[in-house]
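Chemist: My questions concern the predicted model and sequence given below.
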Amino acid sequence: MIRAPGLLLLLLATTLPAWPQDAPFHPKPGAKVCIATVSNTSARAAMLDRLTERLSKNLRDDKIDATAMDSSTTMDHKLHPTRENGEEAKGKECDYMLLTQIVDPKKHPFDPQSPQISIGGRAPSIDASDPLGGSSGPVYRDNLQISFALFSIDRIKPVVETVILAQPSGSVSDNLLPAMDRESNRIGTN
């Protein structure tokens, strides 16, 4: 006796192309992305308006119609749109909403962590603008996580949800700007 259903499944599994599970998602051409103000749940100081504007500018440079919103990203650990975000994004006729949060991984020690390679411990800050670096010796800083999620306006589940690591500098004015560049690159690169 031939087991046709089992054979059929085996045949389908070997002939169908493998769909990439982690294929990068990019907003549809002509789509508008609203960017909620970055939230900060860490103890590190950050210029949130400047970080939000950096994201918006980078996405516009990537030819994406991006605009900053007045409403902030949720302070909840799990990123999700708030009522205020949703109403503002709909009012601005956006197709997507980008939420970004600065997180201290030490506050959530049981969450899955992105793999880090550390040879010989944490690297000291050698930032010349660091007020404590150089003359008084090296300064060791813990990494922060930048959690971000891109939501389609008509869905609750994000189309992109990622965490990147960022090592803050000693200068608050430049704090985390490179992380915003990496985030916008992840959303905007085709």
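Modeler: Cool, the structure landed.
Chemist: From now on I want contacts and neighbour counts done on CA atoms only, so please keep to that.
Modeler: Noted.
Chemist: What segments of the protein are helices?
Modeler: With DSSP state H as the definition, the chain shows helices at residue ranges 4-15, 48-61, 83-91, 177-188.
Chemist: low-scoring pLDDT stretches of the chain, where are they?
Modeler: In the predicted model of the chain, residues 1-27, 108-142, 168-175, 189-190 satisfy pLDDT under 70.
Chemist: Mind doing that once more with 50?
Modeler: For the chain, the stretches with pLDDT under 50 are 1-23, 113-123, 125-127, 130, 140, 173, 190.
Chemist: hang on, the earlier thing: CSV for the helices of the chain, including mean neighbour count and distance to Gln145?
Modeler: What follows is the helices of the chain, written out as CSV (neighbours: other Cα atoms under 10 Å; distance: least, Cα to Cα, whole Å):
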stretch, mean neighbour count, distance to Gln145
helix 4-15, 10, 38
helix 48-61, 20, 14
helix 83-91, 17, 22
helix 177-188, 19, 9
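Chemist: Between these, which one is closest to Thr37.
Modeler: helix 48-61 (5.5 Å; Cα to Cα).
Chemist: quick check: angle from the closest one to helix 177-188?
Modeler: Between the axes of helix 48-61 and helix 177-188, defined by axes from the mean of the first three to the mean of the last three Cα atoms, to 10 degrees, the angle is 40 degrees.
Chemist: Report all helices and strands that helix 48-61 contacts.
Modeler: Other elements packing on helix 48-61 under the criterion 3 or more Cα pairs under 8 Å, 6 or more residues apart in numbering; DSSP states H and E are strand 32-37, strand 65-72, helix 177-188.
Chemist: so can I have JSON lines of these showing distance to Leu51?
Modeler: Conversion of the helices and strands packed on helix 48-61 to JSON lines gives the following (distance: least, Cα to Cα, whole Å):
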{"stretch": "strand 32-37", "distance to Leu51": "8"}
{"stretch": "strand 65-72", "distance to Leu51": "10"}
{"stretch": "helix 177-188", "distance to Leu51": "6"}
